[in-house]
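[1] Return a 3D structure for these sequence lines:
(2 chains)
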Amino acid sequence: KAGVTQTPRYLIKTRGQQVTLSCSPISGHRSVSWYQQTPGQGLQFLFEYFSETQRNKGNFPGRFSGRQFSNSRSEMNVSTLELGDSALYLCASSYRAGISYEQYFGPGTRLTVT
Amino acid sequence: AQSVSQHNHHVILSEAASLELGCNYSYGGTVNLFWYVQYPGQHLQLLLKYFSGDPLVKGIKGFEAEFIKSKFSFNLRKPSVQWSDTAEYFCAVVESNFGNEKLTFGTGTRLTIIP
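    Numbers count the residues shown, from 1 in each chain, chains lettered A, B, ... in the order given. I've put the predicted structure just below:
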């Protein structure tokens, strides 16, 4: 089975721009979660989608949004980028709804904001 | 707000030494507990998890963890480490409150095993 894939793997954006990251879950998985990983803050949960509905949300500003499509693929959007948004963004998928179940992580998208 | 503490930021051990990595959390309600591991150049993967029942849980590669509710702890252990255990280890806690789940990770512990 193919693992979780994320595109693009690397991205450089300018402050004020917006960015969209994509995640394709493992086939059959309907839950997709997003995480931000930075050296200072560590791993932080952004949100979880299941069957195209946001089920859980972390403590991030409204500039961070997401959506899930009927094929379970998910996108994460960050508007009005700030320097502090530079991070590794990880996506994880799970067969069951909820972040309490085993999640399979992708390789991440490295976002650099200049 | 919930917090998860991993007090050891970097641990260096020789092969065959015993390992214990600490994890403490602050939430007093129902929790699910996890240890994730990230080997160099690889994706984050689940090592073990605790939902309920026996507080001593066993995971992959000989790892185990003990949930001590009174101490709000979920320490990771391995009796004899190998060079291949070199990785970064993350403790994570999910608090459940009326169907709303909140996930918090610890800051991670980097483990270096010297051959």
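[2] Can you confirm whether the helix or strand hosting B:Leu47 lies near chain A?
    For B:Leu47, the enclosing helix or strand under DSSP states H and E is strand B:44-50. Yes - contact of strand B:44-50 with chain A (C-beta under 8 Å from any C-beta of the partner chain) involves B:Leu44, B:Gln45, B:Leu46, B:Lys49. For the C-beta atoms, the positions are set from N, CA and C on the backbone; glycine is no exception.
[3] Any regions of chain B where pLDDT drops low?
    B:1, B:98-99 (pLDDT under 70).
[4] Close to chain A: what parts of it are there?
    So chain B meets chain A at B:32, B:43-46, B:49, B:51, B:90, B:92, B:94, B:96, B:100-108 (C-beta under 8 Å from any C-beta).
[5] name the helices or strands packed onto the longest strand seen in chain B?
    Assignment by DSSP state E gives strand B:87-97 as the longest strand of chain B. In terms of contacts (3 or more C-beta pairs under 8 Å, 6 or more residues apart in numbering or on different chains; DSSP states H and E), strand B:87-97 is packed against strand A:42-50, strand B:4-5, strand B:31-38, strand B:73-78, strand B:100-105, strand B:109-114.
[6] Send me the least confident helix or strand in chain A by mean pLDDT as PDB with only the CA atoms.
    Least confident element among the helices and strands of chain A, by mean pLDDT, DSSP states H and E: strand A:53-57 (a mean of 90). The C-alpha coordinates for strand A:53-57 follow below in PDB (Å, rounded to 0.1, in the frame of the first residue of the first chain):
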ATOM      1  CA  THR A  53     -15.900  17.600   7.800                       C
ATOM      2  CA  GLN A  54     -13.600  19.200  10.300                       C
ATOM      3  CA  ARG A  55     -13.800  17.200  13.500                       C
ATOM      4  CA  ASN A  56     -11.100  18.600  15.700                       C
ATOM      5  CA  LYS A  57      -9.200  21.800  15.700                       C
END
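[7] How about the contacts made by A:Ser31?
    A:25, A:48-50, A:55, A:93-99, A:101, A:103 (C-beta atoms under 8 Å, 6 or more residues apart in numbering or on different chains).
[8] and with 10 Å instead?
    A:25, A:48-51, A:55-56, A:68, A:72, A:74, A:92-99, A:101, A:103 (C-beta atoms under 10 Å, 6 or more residues apart in numbering or on different chains).
[9] just A:Asp85 next, same as before
    A:Lys13, A:Arg15, A:Val19, A:Gln36, A:Thr38, A:Phe60, A:Arg63, A:Phe64, A:Val78, A:Leu111, A:Thr112, A:Val113.
[10] Cool, thanks, talk later.
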